[in-house]
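>>> coords below, sequence missing:
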Ligand SMILES: O=c1ccn([C@H]2C[C@H](O)[C@@H](COP(=O)(O)OP(=O)(O)OP(=O)(O)O)O2)c(=O)[nH]1
Ligand SMILES: [Mg+2]
């Protein structure tokens with residue numbers, strides 16, 4: 001499947017790092033280095049605009065390396081890019097470390113996973129089918 005993309009940045013297009021990668025790494029498109037204080041968040045531009053077909057979404061997910069090395073993650077993970085969104089894709093990063101962190105132009109700050117999405121119609125009911133779990137949740141299946 002091909003998807004239309006506009007790239008207003010000076011960075012390469014989001015790309016799968018390996019043949020088996022689920023996500024394409026997405027790069028920051030910024031004029032100046034952004035510094036994030038502990039617990040500070042920032043909306044980081046990418047310079048990217050996409051045209052997804054109906055029935056798909058793009059998820060914006062954190063990168064594990066950034067999370068473990070720098071404590072940087074996506075605040076709204078997984079971010080949802082709707083199929084009908086035509087604006088610039090932006091990444092909401094937050095610094096969950098105790099140190100000041102920097103984001104530079106071209107840094108791979110997140111990854112984008114393209115997913116199929118089902119849409120449904122509600123069938124308003126007063127009763128639901130019984131199951132083994134029934135209404136049990138929140139640790140109801142055991143102690144460990
Ligand atoms: O990490 C993200 C998440 C969302 N978006 C864009 C695409 C998405 O289609 C739009 C709206 O996102 P969302 O539905 O999560 O935000 P909202 O607060 O519900 O805004 P809206 O009322 O515009 O739907 O913002 C991004 O660029 N990056
Ligand atoms: Mg919304």
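In hand now; what should we look at? Being a predicted model, the structure only gives us computed values, none of them experimental. Ligands and ions are numbered 1, 2, ... in the order given.
>>> For residue 48, list each beta-bridge partner.
residue 7 (DSSP bridges).
>>> contacting residues for it?
5-9, 13-14, 26, 29, 88-89 (Cβ atoms under 8 Å, 6 or more residues apart in numbering). All C-beta atoms are positioned from the backbone trio N, CA, C, and that covers glycine.
>>> Counting neighbours, which of those residues comes out on top?
Within the contacts of residue 48, most neighbours by other Cβ atoms under 10 Å means residue 26, with 25 neighbours.
>>> what's stretch 87-102 in contact with?
By Cβ under 8 Å, 6+ apart, the residues outside stretch 87-102 that reach it are 8, 26, 28, 33-50, 58, 60, 70-76, 79, 81, 103, 109-110, 112.
>>> Kindly check the end-to-end length of that stretch for me.
Stretch 87-102 has an end-to-end distance of 25 Å (criterion: Cα to Cα, to the nearest Å).
>>> That stretch and ligand 1, any residue contact?
Yes - applying Cβ under 6 Å from any ligand atom, one finds stretch 87-102 touching ligand 1 at 89-92.
>>> of the residues you listed, closest to residue 117?
Nearest to residue 117 among these: residue 89, at 16.9 Å, using Cβ to Cβ.
>>> neighbours around residue 69, how many?
11.
>>> wait, is it part of a helix?
Yes - per DSSP: H, G, I helix; E, B strand; the rest coil, residue 69 lies within a helix segment.
>>> any idea how far it is from residue 62?
Residue 69 is 12 Å from residue 62, where distance means Cβ to Cβ, to the nearest Å.
>>> Also residue 140?
Here residue 140 is placed at a distance of 29 Å from residue 62 (Cβ to Cβ).
>>> more neighbours, the two?
Between residue 140 and residue 62, counting by other Cβ under 10 Å, residue 62 is the more crowded of the two (21 against 9).
>>> show me what contacts the more buried one?
Neighbouring residues of residue 62 by Cβ under 8 Å, 6+ apart: 72-74, 77, 110-111.
>>> Then residue 52?
3, 58, 81-83, 85, 114.
>>> Those residues of the protein touching ligand 1, which are they?
Selection of the chain residues close to ligand 1 by Cβ under 6 Å from any ligand atom yields 60, 76, 79-82, 85, 89-92.
>>> Many thanks, we can stop here.
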